[in-house]
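S.K.: pasted the sequence and its predicted model underneath.
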Amino acid sequence: MGVIKLNNWSLSLIKEIIDIKQINNVDEDIVFDYLKIVDLNKVLYENNAKNVLYFFTYSEEKDLTDEFIIDAFDLRKNANSVISKHPEYVYVLDKQTYDNLEKENKNAKLIIVDNILKAIDQLYNYVIERKRAKVIAVTGSVGKTTAVGLIETVLKKEFNIWRIYSKRITPIILKANVINFITPDVDYIVLEMSIYHHDHVEILSDLLKPNIAALIGVDSSHLEFFNSIDDICKYKAAIFRSCEVGFYNNLDNRVNLLSVKEENLLFDDEKIYKTQMSNFIPIADSYQIKDNKLIVDKEEMALFFNSELSVIQTLLAYKIGILVGMNKKHIVQAINSYVPVENRIGQKIIFGKNVIFDGDITTHERIKQLANHQYPESYLIIRKFGSAENNKRFENVLNSLNRFTKVFVFNDIEYLEMLKSHKKVQVVDNHDFMKELNGQIIYHYSGYYRSFEKFNEDNLIVLENERYKVLKPEDE
């Protein structure tokens, strides 16, 4: 399909959309390649744009409390240094920020508005009111990013797709993506919707209403913000309020308690939301697993990991492809060639062994999903715990380890004392044990994809700083 391009915003169009008080030293004929609202991808966009419109964006108090847990930021505080560093940019700022500029910076290219965030909202609403793209949104406790990446891979066979990626999508990140990338050429927007406080999914699905929505599972992630896992399920189910078609993981005991009756979404027969859904579809209603392949409608598709979660992710991508009218052959080709996004999980060759390498943060929920596999013989390698687990939750980690033939942990790992008492655990200090392993190997690193690290065939290389030494067999 065609290459996704950025929206071009002419100054004349912007003047029609936002409330402007004053314009200083800006060429009337200028067309902006990129609107820098928050960082999206400097290498691909900001650094390569000819004309940048830079907004001195900031977070509001509500972003830090009731809605989204984010680091407080206020680009206005750095206005003088930013303008001095990039005099070629055009800047959107408010009157107070303008008044606080150093004298020489008041001669920069400036657009002065009453309220910067209001200006961003006006641009966002302009795009939303004119977009033709349909929205596909996925939520769940584990596996959202991989599911969305798989859906993107499938749909790209026949459509122009824009995937909004962020580990924690906030309203301002969502708005920045829509303003820059939702051109008339985009057929589908695909994204994940995470939950940290109870109203996150509700807020995001109000800002960008899904046409197709999916809930792929719930677990105890972020339970510190909720009374129960049932509550997590209810708040995540807010994604279904405005969609046309909803997909739910009927293999998940709690998600399977959701139902639709007389335009009401119910949880265990209790009304939780009004909904406009015309179709509420179980993801796993008819399929077979044979030789690590998923069989649906007589079609065979390779599983990148033979587990219940990957089955749900693959079935969801397949069914969405069918729903939007894709050629079944294209769907199967895309799934069979899929490489999981951001290197979170996927097949790699390490020391000559075929390894499922999972780089996501180590938590009880993640280990449980890895344990829920279908391999007759399996070896788990845990390199690091990326986030602390309290003792109660760590008991759940230990219970999940029983699903593996053997579990190897490194001798500098967190919770070593608790881990080494487990009957399946063997403590090691380098990779030489890899030579002796048979069967399916699952290597769990923790935080790899976030740490600017590379994984080659025989070693971990840390690009920014070396937190520890990882030995190759020949280093001994």
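M.R.: Cool, the structure landed. Numbering: from 1, shown residues only.

S.K.: quick check: phi and psi at the closest residue to residue 12 other than its chain neighbours.
M.R.: Distances taken as CB to CB, 6 or more residues apart in numbering put residue 28 closest to residue 12, at 7.3 Å, once the chain neighbours are dropped. Just so you know, the C-beta spots here come from the backbone N, C-alpha and C atoms, and that holds for glycine as well. Main-chain dihedrals, residue 28, degrees, to the nearest 10: phi -60, psi -20.

S.K.: and the gap between residue 28 and residue 206?
M.R.: 36 Å (CB to CB, to the nearest Å).

S.K.: between the two, which is the more surrounded one?
M.R.: Using other CB atoms under 10 Å as the criterion, residue 28 and residue 206 rank with residue 206 on top: 13 against 9.

S.K.: the residue nearest to residue 12 and residue 144, how far apart?
M.R.: Taking CB to CB, one finds residue 28 at 44 Å from residue 144.

S.K.: surely the residue nearest to residue 12 meets residue 11?
M.R.: Yes. If you go by CB atoms under 8 Å, residue 28 and residue 11 touch, sitting 6.2 Å apart.

S.K.: centre of the chain to the edge, which residue is at the far end?
M.R.: residue 103 (42.7 Å; CA atoms, centre = their mean).

S.K.: and for residue 304, the neighbour number?
M.R.: 20.

S.K.: which residues does it contact?
M.R.: 310, 338-340, 345-347, 356 (CB atoms under 8 Å, 6 or more residues apart in numbering).

S.K.: tell me the SS of it?
M.R.: coil (DSSP: H, G, I helix; E, B strand; the rest coil).

S.K.: same check, this time on residue 194
M.R.: Once three-state DSSP is applied, residue 194 turns out coil.

S.K.: just give me the neighbour total for the closest residue to it other than its chain neighbours.
M.R.: Of all residues not flanking residue 194 in the chain, residue 168 sits nearest, at 5.9 Å (CB to CB, 6+ apart). Residues within reach of residue 168, counting by other CB under 10 Å, total 12.

S.K.: looking at this, residue 168 is in a helix?
M.R.: No. Counting by three-state DSSP, residue 168 is not part of a helix but coil.

S.K.: where does the stretch 351-476 of the chain have low pLDDT?
M.R.: Scanning the stretch 351-476 of the chain with the threshold set as pLDDT under 70 gives 351, 386-392, 430-432, 448-476.

S.K.: tell me where it has strands.
M.R.: Per DSSP state E, counting those that start in this stretch, the stretch 351-476 of the chain carries strands over the ranges 353-358, 378-382, 406-410, 425-428, 440-444, 453-455, 460-462.

S.K.: tell me which of these sits nearest to residue 59.
M.R.: For residue 59, the closest of those is strand 453-455, at 29.1 Å, according to CB to CB.

S.K.: give me the neighbour count for residue 12.
M.R.: Residue 12: 11 neighbours (other CB under 10 Å).

S.K.: you'd agree it is up against residue 26?
M.R.: No. Contact criterion CB under 8 Å: residue 12 and residue 26 do not qualify, at 11.2 Å.

S.K.: now the strands of the stretch 351-476 of the chain as TSV including distance to residue 133 and mean neighbour count?
M.R.: Putting the strands of the stretch 351-476 of the chain into TSV (distance: least, CB to CB, whole Å; neighbours: other CB atoms under 10 Å) gives the following:
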stretch	distance to residue 133	mean neighbour count
strand 353-358	32	20
strand 378-382	41	24
strand 406-410	45	21
strand 425-428	49	14
strand 440-444	36	23
strand 453-455	34	16
strand 460-462	39	15
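
S.K.: how far away is residue 18 from residue 184?
M.R.: Between residue 18 and residue 184 the computed distance is 21 Å (CB to CB).

S.K.: which of those two has more residues huddled nearby?
M.R.: residue 18 (20 against 10).

S.K.: contact partners for the nearest residue to the more buried one once chain neighbours are set aside?
M.R.: The spatial neighbour of residue 18 that comes closest, neighbours along the chain excluded (CB to CB, 6+ apart), is residue 119 at 4.3 Å. By CB under 8 Å, 6+ apart, residue 119 lies in contact with 18-19, 55, 92, 113.

S.K.: let's see 7 Å
M.R.: Residue 119 makes contact with 18, 92, 113, according to CB atoms under 7 Å, 6 or more residues apart in numbering.

S.K.: just these now: which is nearest residue 441?
M.R.: residue 92 (52.0 Å).

S.K.: which SSE is the closest residue to residue 143 other than its chain neighbours in?
M.R.: Using CB to CB, 6+ apart and skipping residues adjacent in sequence, the residue nearest residue 143 is residue 309, 4.9 Å away. Of the helices and strands defined by DSSP states H and E, residue 309 is found in helix 308-323.

S.K.: chain center to that helix, what's the gap?
M.R.: Helix 308-323 has its C-alpha centroid displaced from the chain centroid by 17 Å (CA atoms, centre = their mean, to the nearest Å).

S.K.: looking at the strands of the stretch 351-476 of the chain, spot the one closest to residue 398.
M.R.: Comparing the strands of the stretch 351-476 of the chain under CB to CB, the one sitting nearest is strand 425-428, at 8.9 Å.

S.K.: with just CA atoms, put that closest one into CSV.
M.R.: Only the C-alpha atoms of strand 425-428 are listed here, as CSV (Å, rounded to 0.1, in the frame of the first residue of the first chain):
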residue,chain,number,x,y,z
VAL,A,425,15.2,-23.4,39.6
GLN,A,426,18.9,-23.7,38.9
VAL,A,427,21.2,-20.7,39.6
VAL,A,428,23.8,-19.9,36.8
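
S.K.: now the residue nearest to residue 18: how far from residue 92?
M.R.: Distance from residue 119 to residue 92, by CB to CB: 6 Å.

S.K.: where do the contact lists of the two overlap?
M.R.: residue 113.

S.K.: which SSE is the residue nearest to residue 320 when sequence neighbours are not counted in?
M.R.: Residue nearest to residue 320 in three dimensions, not counting chain neighbours: residue 151, with 5.7 Å by CB to CB, 6+ apart. For residue 151, the element it lies in under DSSP H and E is helix 144-155.

S.K.: and whichever helix or strand comes after that helix, what does it pack against?
M.R.: Using DSSP H and E, the next helix or strand after helix 144-155 towards the C-terminus is strand 161-164. Applying 3 or more CB pairs under 7 Å, 6 or more residues apart in numbering; DSSP states H and E, we find strand 161-164 packed against helix 144-155, helix 171-181, strand 188-192.

S.K.: helices of the stretch 151-300 of the chain, start to end?
M.R.: Ranges of helices within the stretch 151-300 of the chain are 171-181, 200-207, 229-236, based on DSSP state H, counting those that start in this stretch.

S.K.: which parts of the last one are buried?
M.R.: When burial is assessed from 16 or more other CB atoms under 10 Å, helix 229-236 yields the following buried residues: 229, 232-236.

S.K.: would you put the C-alpha positions of it in CSV?
M.R.: Extracted in CSV, the C-alpha atoms of helix 229-236 (Å, rounded to 0.1, in the frame of the first residue of the first chain):
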residue,chain,number,x,y,z
ILE,A,229,-9.6,-7.6,39.1
ASP,A,230,-13.3,-7.5,38.4
ASP,A,231,-13.1,-3.7,38.6
ILE,A,232,-10.1,-3.7,36.2
CYS,A,233,-12.3,-5.7,33.7
LYS,A,234,-15.2,-3.2,34.1
TYR,A,235,-13.0,-0.1,33.5
LYS,A,236,-11.3,-1.7,30.5
